[in-house]
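K.L.:
The following block contains a protein sequence and its predicted model.
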Amino acid sequence: MVSPYTGFVGKVWEEFPQLAEWHNLDESALPMWNLDKFIEAGYHNFLANRKPLYHLSTLIEKYSQENSKPLLATFEEIARYKFVEKRYQKMINNIPKIWVIANFGKTKFKTPSKIEVINCQNTELSKVWSVITRGPYGPFGLIAEEFEDGKFRGFFTLNPNVCRFTLKLMGKILSTKFNIQ
């Protein structure tokens, strides 16, 4: 099967060709499930706009808080992070480490030491929306990419190998390492 993904998410899909076997082309939207339903599914491909992605993102963030697990979140641009900045600064009370990645341009942020802000300006990550945390089996989360204004293609995965590869690829692009294993 030909990958419906390009860019960063396409590179993840290329590394795991078995994801094509789970791809259901009839599913054209991300459901508004609770996190248990996503975890039960284990893997779910989608096309979505911002609202369902925001819903899934907050479910993963809440899991991270309730279980005191590290969190990595990518935002396409500064305005997307500014929307949640105060909430993230409160979340850090229950989370050991948060990595925030976005196209910040020349903007500098004053954040608590447990929040690391990383600029992805001029990289392929500037179109990526991801929220990854550590679950009982390793890292899991949402990985998506904007392919058209306000439209995203991506997937939710419980597979720690897929998430580890994603984190390694992000780290290579940004010359850093993310310890969510």
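P.N.:
Sure, I can see it.

K.L.:
Now for residue 42, how many residues are close by?
P.N.:
Neighbours of residue 42 under the rule other C-beta atoms under 10 Å: 12. Where you see a C-beta, it was placed from the backbone N, CA and C, and this is true even at glycine.

K.L.:
Could you give me the buried positions within the lowest-mean-pLDDT helix or strand in the chain?
P.N.:
When the helices and strands of the chain are scored by mean pLDDT, DSSP states H and E, helix 78-91 comes last with a mean of 75. For helix 78-91, a neighbour-count test (16 or more other C-beta atoms under 10 Å) marks 78, 80-81, 84-85, 88, 91 as buried.

K.L.:
Next, format the residues you listed as CSV and append distance to residue 139.
P.N.:
Shown next, in CSV, are these (distance: C-beta to C-beta, whole Å):
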residue, distance to residue 139
78, 26
80, 22
81, 21
84, 20
85, 24
88, 19
91, 18
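
K.L.:
ok so, going back, for the least confident helix or strand of the chain, packing partners?
P.N.:
helix 50-66, strand 98-102 (3 or more C-beta pairs under 8 Å, 6 or more residues apart in numbering; DSSP states H and E).

K.L.:
Tell me the one among the buried residues of helix 78-91 nearest to residue 42.
P.N.:
Using C-beta to C-beta, residue 91 comes nearest to residue 42 of the buried residues of helix 78-91, at 25.7 Å.

K.L.:
residues near the residue lying closest to the closest one once chain neighbours are set aside, how many?
P.N.:
Leaving aside its chain neighbours, residue 91 sits nearest to residue 65 (5.5 Å; criterion: C-beta to C-beta, 6 or more residues apart in numbering). Neighbour count for residue 65, taken as other C-beta under 10 Å: 17.

K.L.:
check contacts around residue 65.
P.N.:
Residue 65 makes contact with 91, 94-95, according to C-beta atoms under 8 Å, 6 or more residues apart in numbering.
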